[in-house]
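Visitor: coordinates only, no sequence provided:
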């Protein structure tokens, strides 16, 4: 068990090291594949077979090593800040050094082991090891198409990131969590600036300073925990008991989650990340980095449920959910649309986590998994169309439908799987909505419902708009010929499509076998789920299997048939009112939103400050 | 009970056809005309079937057919399924076929109509979700069948939600003042413009099913009191047609502003007060 855990962390690091020193394209793709084939079964074993939850003792020298590493990391940040003359970076880094010193000064000795693995951690292992490792395989081919010399360093960085992520979701010690939180910041910094042009460096620096705010928040919360309670392990913190626990340190942890989760007004770093090579966006958006945010909220959800903090967090994230979805409507760049929808959906995940009832927690976990799958698919396809066809906007994709049908069909599937009935993401949204409706005896939750409804429908119209623009065409006599895609491009995407499809079809067993154990480990209570049936029955929320299967057939198979079939009917040109000029089709973009953007950011910031001050009970 | 709903779901194209035929008579009488016979929609149906099938391209025609079946499926899941929200979202799925179909041809009228259809979704769907939540709050169940067994009258608890819904019906059924996506005088039927013959048939019939959908929701407001429901439906029916006859088309800005900043707060206020009342008592 212990060995396997360390394998999960160290294997990617060893592989990264190997790739970095051997520097051969074929070797790196081989190693990435081996990495997937090893990591996936181990993660699988952890989730389904390992006796969880479990503590893992760590040797004493590791404490010292982590501390040393912390300081080295922070001094590296200071160095980068000074090198690029970026005040915020070195000031924040100095602030962290100061706070860390203070923490170390007052930190008592604790007997609690530093590693704690429960189903939630194992679930994150699954996401990182399956979805993340596939992205790494893809990244080999992507970089090889760009510059063969860069393959090795790029893949090494990504592999190392996976190991870091596995480590981060298993630590129990808050100080170690800080170290790994900042390590993911470092990883995103290095990945975003990978191309080393002016734009990349600027956006990387943006990501660096913004994420450091999260680090500062964690350290402040650590300080409070140590000062008031003398504990600094997640399990100890949750054992204190909600009534005794002061909410201030939790509020700071929540702020760090909001920063990591790129919530408005901290969203700019995630948008900036799109200048990096596309696999970077894929890995940041789906399997790693931003997923720390909902993970942290889920970890804390037993402690914050029902407090003012959780209510304010619900309002804040609900606001971001709506606004980010609306902002996405004004974009035409495919990656930017995806980025905004990530921000929006992360807000939804945190909202569900903050509600903290069993069904809401299950909804958050479902969203985490299926959002990771769909986003990985969409970003990798964005990479494919960018590399092979130089398409960046949704209008470029439209022209591809005859040239690259498989790629475009995968994109369409990805977009549908983000929103439509009966995909798992929809089921999670529906869970959240119903759960909030069940809480309506607190009358103010009606605001949450309005936000969920507007945000959800905005996302739906966003995807419909993009879908619509992509399918616009008028020639039919073109012979549909499936394009040849490199295997490293095709296989990961195909696996994602399969995962989203079958995950949705068998959502009921999945909830019984996967999400229910997670809920039990997070909250200590079970979902009101009916076992051993294909019908989805969770409390009073029911969808029979025939509805799921039929709706899934409507969403996926019917369009596919419609695309392939040729009806026997005479053809006429479309109605143009007698005009003969060529028609170019566009779509609306809500540019009117540009006017309100600054206000929206101020409101979001105000809400976050409110969450911190009132939610933290500082007054 | 369950079998009545199943029958309604199964026969919804025919029931919807009758509603549509009746509507044409009522509308004509409001305009001092004689109007067509009640069975006119079905005569049209037969006439359209006999026409030579022509199409722009197969994908477009298939989307029209899929729209019909998906709407029928959505209504069945709405009436017979265990969750009202799922039924509403399946209705969005059906609309998606219509919208994608409209987008798939290179005609500005069709594409413009589809874009406006999306705006319709944005305007109406949040309200329908609030409506479902309100009904859940009153009846304590998500199942439409159970809601029809509710002994009380939900209308008493949800008057503002009901008003908001009635004012949104024109946007759902594409009637003036919110017939923005069809807008015959400016975009010639919007997404419908390029369907003809048999394929137009599918769209035409799917719209009848939407009538059943809307009036089923009206019936929900009276719980188990079906006669009251019938009376209420009749009033709503006359009102919507009178509105259709007496107003002119708004722009889509006006529609979305009306829906988001008037109807939605109205419904939310109702639910807020209801929840507060429950909480206090």
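Guide: Okay, I see it. Remember, predicted model here, so these are calculated numbers, not experimental data. Residues are numbered from 1 along each chain as shown, chains lettered A, B, ... in the order given.

Visitor: against residue A:615, how distant is residue A:309?
Guide: 3 Å (Cβ to Cβ, to the nearest Å). Every residue, glycine included, has its C-beta placed from N, CA and C.

Visitor: find the residues that touch each one of those two.
Guide: Residues touching both residue A:309 and residue A:615 (Cβ atoms under 8 Å, 6 or more residues apart in numbering or on different chains): A:247, A:251, A:254.

Visitor: tabulate those residues (CSV), appending secondary structure.
Guide: Shown next, in CSV, are the shared contacts of residue A:309 and residue A:615 (DSSP: H, G, I helix; E, B strand; the rest coil):
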residue, secondary structure
A:247, coil
A:251, helix
A:254, helix
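
Visitor: phi, psi of residue 53?
Guide: All of this refers to chain A. phi -80, psi 160 (degrees, to the nearest 10).

Visitor: not what I meant, chain B
Guide: Residue torsions, per degrees, to the nearest 10, at residue B:53 are phi -70, psi 120.

Visitor: low-confidence ranges in the stretch 151-281 of chain B?
Guide: Applying pLDDT under 70 to the stretch 151-281 of chain B picks out residues B:281.

Visitor: hang on, the earlier thing: who wins on neighbours among the shared contacts of residue A:309 and residue A:615?
Guide: Among the shared contacts of residue A:309 and residue A:615, residue A:254 has the most neighbours (other Cβ atoms under 10 Å in any protein chain shown), with 31 neighbours.

Visitor: separation between that residue and chain B?
Guide: 26 Å (Cβ to the nearest Cβ, to the nearest Å).

Visitor: from residue A:289, how far out is that residue?
Guide: From residue A:254 to residue A:289 the distance is 18 Å (Cβ to Cβ).

Visitor: which stretches in the chain count as strands?
Guide: You didn't say which chain, so I picked chain A. Remark: strands assigned in chain A by DSSP state E are A:54-56, A:115-117, A:536-538, A:541-543, A:570-571.

Visitor: I was after chain B.
Guide: Using DSSP E, the strands of chain B run over B:54-55.

Visitor: how about the helices in it?
Guide: Applying DSSP state H to chain B gives helices spanning B:2-10, B:12-30, B:40-50, B:58-80, B:84-103, B:108-139, B:144-147, B:154-157, B:159-173, B:184-187, B:197-220, B:226-246, B:252-258, B:264-280.

Visitor: quick one, which of those gets closest to residue A:452.
Guide: Set against residue A:452 and scored by Cβ to Cβ, these come closest in helix B:108-139, at 7.8 Å.

Visitor: what mean pLDDT does that closest one have?
Guide: For helix B:108-139, mean pLDDT is 89.

Visitor: how near is residue A:263 to residue A:431?
Guide: Taking Cβ to Cβ, one finds residue A:263 at 21 Å from residue A:431.

Visitor: scratch that, residue B:63
Guide: From residue B:63 to residue A:431 the distance is 30 Å (Cβ to Cβ).

Visitor: give the residue spans of the stretch 101-250 of chain A that score low on pLDDT.
Guide: In the stretch 101-250 of chain A (pLDDT under 70), the answer is A:242-244.

Visitor: now the helices: where do they sit in it?
Guide: Using DSSP state H, counting those that start in this stretch, the helices of the stretch 101-250 of chain A run over A:119-126, A:133-146, A:151-168, A:174-192, A:198-229, A:234-239, A:248-260.
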